[in-house]
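S.K.: Sequence and predicted structure below; questions after.
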Amino acid sequence: MFAKRLRRDEVEGMGREVIEVFGKEAIALYKQNVRENTPEATKDLMQLTFFYEAEIDSKRWLKEEHLKILEDCGIHPNLEIVERATISELNKQIENKEAELGSVQGELVSAQSEVEKLKSTVNRLEGDILIAHGSWTKVVQKLKGKIRDVDHAQYRIRGLET
């Protein structure tokens, strides 16, 4: 719409004031179209982008205003800005993941030390059980020996009684 009506030779013939006023009117019109979210608005915004880049790049404020409108519509004509933002976001995600990894590694070291403590406790208890088992085995053997002695004594006493 705006870009279709203006040709290069027409723009060259205009004074700076006319371009400035016409640019402000175009921005106001496109803001209205953007609010209505029409497909023509998107097409016209892209055409206007090319127009600004090709014809009136010296009017920095017009281009900046136009880029704000494009960003509001979700259109990013300058991919360098998007790439920088994406790289920045990815770097933040990497830093967050590295922090999480450090935390997990700390927890892992703590868990490993707990496992080592438990292993040493189990080994000590196994040793105690073996010692106790050996002691009980000796006690049982002594009791069995005494029972045999008592049985033998009773047998002898019975033999003497008869």
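M.R.: Everything's here; your move.

S.K.: Report the rounded mean pLDDT for stretch 147-156.
M.R.: The pLDDT scores in stretch 147-156 average 79.

S.K.: no wait, stretch 133-141
M.R.: For stretch 133-141, the mean per-residue pLDDT is 79.

S.K.: CA atoms of it as CSV?
M.R.: Listed next in CSV are the C-alpha coordinates belonging to stretch 133-141 (Å, rounded to 0.1, in the frame of the first residue of the first chain):
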residue,chain,number,x,y,z
HIS,A,133,29.3,-67.4,65.6
GLY,A,134,32.8,-68.8,66.4
SER,A,135,32.2,-68.0,70.1
TRP,A,136,28.7,-69.6,70.0
THR,A,137,30.1,-72.6,68.2
LYS,A,138,32.7,-73.1,70.9
VAL,A,139,30.0,-72.6,73.6
VAL,A,140,27.8,-75.2,71.8
GLN,A,141,30.6,-77.6,71.5
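
S.K.: Give the buried residues for that stretch.
M.R.: Taking 16 or more other Cβ atoms under 10 Å as the neighbour-count basis, stretch 133-141 is seen to contain no buried residue. Any C-beta I mention is one placed from the backbone N, CA and C, and that applies to glycine too.
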